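Trainee: Starting from these lines, generate the structure:
(one chain, ligands or ions: 2)
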Amino acid sequence: MEEYISNGRIARALTIAGSDSGGGAGIQADLKTFQELGAYGMSALTAITAQNTLGVQGVFPVAKEAVKAQIHSVGSDIGVDALKTGMLFSAEIIEEVAEAIAFFGWSKVVVDPVMIAKGGAALLQVEAVRALTRKLLPLTMIVTPNIPEAEHLTGMPIRNMADKLEAAKKLAGCGARYVLIKGGHEAGAEAVDLLYDGSGYMELTGKRIETARTHGTGCTFSAALTAGLAQGLSVEEAVRQAKAYIQAAIEDGILIGSGHGPTNHWAYRNRQFVTN
Ligand SMILES: Nc1ncnc2c1ncn2[C@@H]1O[C@H](COP(=O)(O)OP(=O)(O)OP(=O)(O)O)[C@@H](O)[C@H]1O
Ligand SMILES: Cc1ncc(COP(=O)(O)O)c(N)n1
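Mentor: Ligands and ions are numbered 1, 2, ... in the order given. Have a look, this model is predicted:
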């Protein structure tokens with residue numbers, strides 16, 4: 001029981017994100033990951049997507065009032081130790097989310113700036129990017145863009161580690177206390193992520209797996225990070241645990257669907273059973 005308890009109580013993690021009917025990304029990936037890592041998971045839905053391993057067949061946004069109501073329901077009763085945002089879809093939803101974070105004074109805020117699904121579908125409206133950088137990043141503990149998202153948010157191309165660092169500095173300038181730029185979209189034998197803390201940086205390296213089963217890697221990574229923060233880990237510790245979690249989930253992939261399959265959310269726990 002002990003490992004489920006942080007500061008004398010259950011670690012509570014909230015995801016504010018879209019639903020992926022296929023279960024590999026979005027709210028579903030987040031809740032599975034919270035559960036696997038021993039955090040109590042809660043959700044506020046921002047959009048419903050009709051989605052499978054072949055792509056996104058439909059996007060149905062949730063009314064901003066409904067997003068606010070969900071967040072206030074859990075915030076006013078259960079409480080939140082850490083939260084993450086994923087697909088936020090529109091400027092009005094981003095503004096509602098930012099207001100709620102400020103209202104409750106939550107500080108452990110992970111922002112995964114989801115913009116475009118791996119299949120190419122838009123999960124964030126073009127005009128919403130401004131709201132994300134102006135309203136949400138100043139309230140952010142750690143922002144976790146992939147390379148195309150970091151390029152879009154900063155307006156600069158990223159080709160190497162020096163570019164990643166410069167982009168991270170720009171994003172820190174928007175108010176995020178930590179910036180983690182993910183290396184999943186690069187080529188090379190290793191997937192290298194960069195963590196910038198406002199003054200220094202460190203690299204997190206994992207063996208790159210040649211696989212089509214990478215649907216929801218970013219969602220899963222940021223959810224693992226959020227679970228760790230909810231449990232009282234430092235940002236560095238939570239990032240290392242999240243990297244180990246996603247590495248296992250990609251390495252031990254499961255065969256589901258005929259397109260870009262999901263990662264294996266059980267893999268990290270299964271490995272702990274094997275080693276214990
Ligand atoms: N093929 C791979 N092999 C090993 N690690 C990977 C691979 N692809 C991604 N990763 C790791 O997974 C994490 C997520 O990175 P990625 O760049 O894929 O995020 P993302 O594009 O936001 O994901 P998604 O949009 O699918 O949710 C990072 O830690 C990255 O290094
Ligand atoms: C609801 C939702 N949220 C996030 C993603 C990003 O994941 P990916 O880039 O792997 O498609 C997604 N496809 N769907």
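Trainee: now the helices for the stretch 151-276 of the chain?
Mentor: 161-173, 217-230, 235-251, 267-275 (DSSP state H, counting those that start in this stretch).
Trainee: Tell me which of those helices sits nearest to residue 118.
Mentor: Across the helices of the stretch 151-276 of the chain, residue 118 has its closest neighbour in helix 217-230 (8.8 Å, Cβ to Cβ). Placement of C-beta: from N, CA and C, glycine included.
Trainee: and the angle for the closest one with helix 267-275?
Mentor: With axes from the mean of the first three to the mean of the last three Cα atoms, to 10 degrees applied, the angle from helix 217-230 to helix 267-275 works out at 60 degrees.
Trainee: Just list what helix 217-230 packs against, helices and strands only.
Mentor: Contact partners of helix 217-230 among helices and strands, from 3 or more Cβ pairs under 8 Å, 6 or more residues apart in numbering; DSSP states H and E: strand 12-20, helix 26-36, strand 82-85, strand 109-111, helix 235-251.
Trainee: how about the residues of the stretch 151-276 of the chain that lie near ligand 2?
Mentor: For the stretch 151-276 of the chain, the residues in contact with ligand 2 (Cβ under 6 Å from any ligand atom) are 215-216, 218-219.
Trainee: switch to 8 Å and redo it
Mentor: Contact residues, the stretch 151-276 of the chain versus ligand 2 (Cβ under 8 Å from any ligand atom): 214-219, 260.
Trainee: swap in the stretch 1-150 of the chain?
Mentor: Neighbours of ligand 2 within the stretch 1-150 of the chain, by Cβ under 8 Å from any ligand atom: 17-20, 24-27, 29, 47, 49, 51, 56, 86-87, 112, 114, 116-119, 121, 123, 146.
Trainee: Of those residues, grab the buried ones for PyMOL.
Mentor: Entered in PyMOL, the line below selects the buried ones among those, by 16 or more other Cβ atoms under 10 Å:
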select buried, resi 17+18+19+20+24+25+26+27+29+47+49+51+56+86+87+112+114+117+118+123+146
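Trainee: What about the nearest residue to residue 189 once chain neighbours are set aside, how many residues nearby?
Mentor: Excluding its sequence neighbours, the residue lying closest to residue 189 (Cβ to Cβ, 6 or more residues apart in numbering) is residue 208, at 5.8 Å. For residue 208, the neighbour count with other Cβ atoms under 10 Å is 16.
Trainee: Equivalent analysis for the one 3 residues further on, please.
Mentor: Using other Cβ under 10 Å as the criterion, residue 211 is surrounded by 12 other residues.
Trainee: Name the nearest residue to it, sequence neighbours excluded.
Mentor: Nearest non-adjacent residue to residue 211 (Cβ to Cβ, 6+ apart): residue 253, at 5.6 Å.
Trainee: quick one, what contacts the one you found?
Mentor: Residue 253 sits next to 209, 211, 213, 261, 263-264 when contact means Cβ atoms under 8 Å, 6 or more residues apart in numbering.
Trainee: hmm, 6 Å instead?
Mentor: By Cβ atoms under 6 Å, 6 or more residues apart in numbering, the contact list for residue 253 reads 211, 213, 264.
Trainee: got the residues of the stretch 1-150 of the chain near ligand 1?
Mentor: 25, 29, 112, 114, 116-118, 144-149.
Trainee: separation between the residue lying closest to residue 166 once chain neighbours are set aside and ligand 1?
Mentor: Once flanking residues are discounted, residue 166 sits nearest to residue 156: 6.8 Å by Cβ to Cβ, 6+ apart. Separation of residue 156 from ligand 1 (Cβ to the nearest ligand atom, to the nearest Å): 17 Å.
Trainee: List the neighbouring strands of the longest strand seen in the chain plus their orientation.
Mentor: Criterion DSSP state E: the longest strand present in the chain is strand 40-52. Strand 40-52 pairs in its sheet with strand 12-20 (parallel), strand 55-61 (antiparallel), by DSSP bridges.
Trainee: For that strand, buried residues please.
Mentor: Buried residues in strand 40-52, counted by 16+ other Cβ under 10 Å: 40-49, 51-52.
Trainee: Closest one of these to ligand 1?
Mentor: Ligand 1 has its nearest neighbour among the buried residues of strand 40-52 in residue 51, at 12.0 Å by Cβ to the nearest ligand atom.
Trainee: related to what we said a few turns ago, kindly indicate which of the residues of the stretch 151-276 of the chain next to ligand 2 lies nearest residue 69.
Mentor: Set against residue 69, the nearest of these by Cβ to Cβ is residue 219 (23.1 Å).
Trainee: Many thanks, have a good one.
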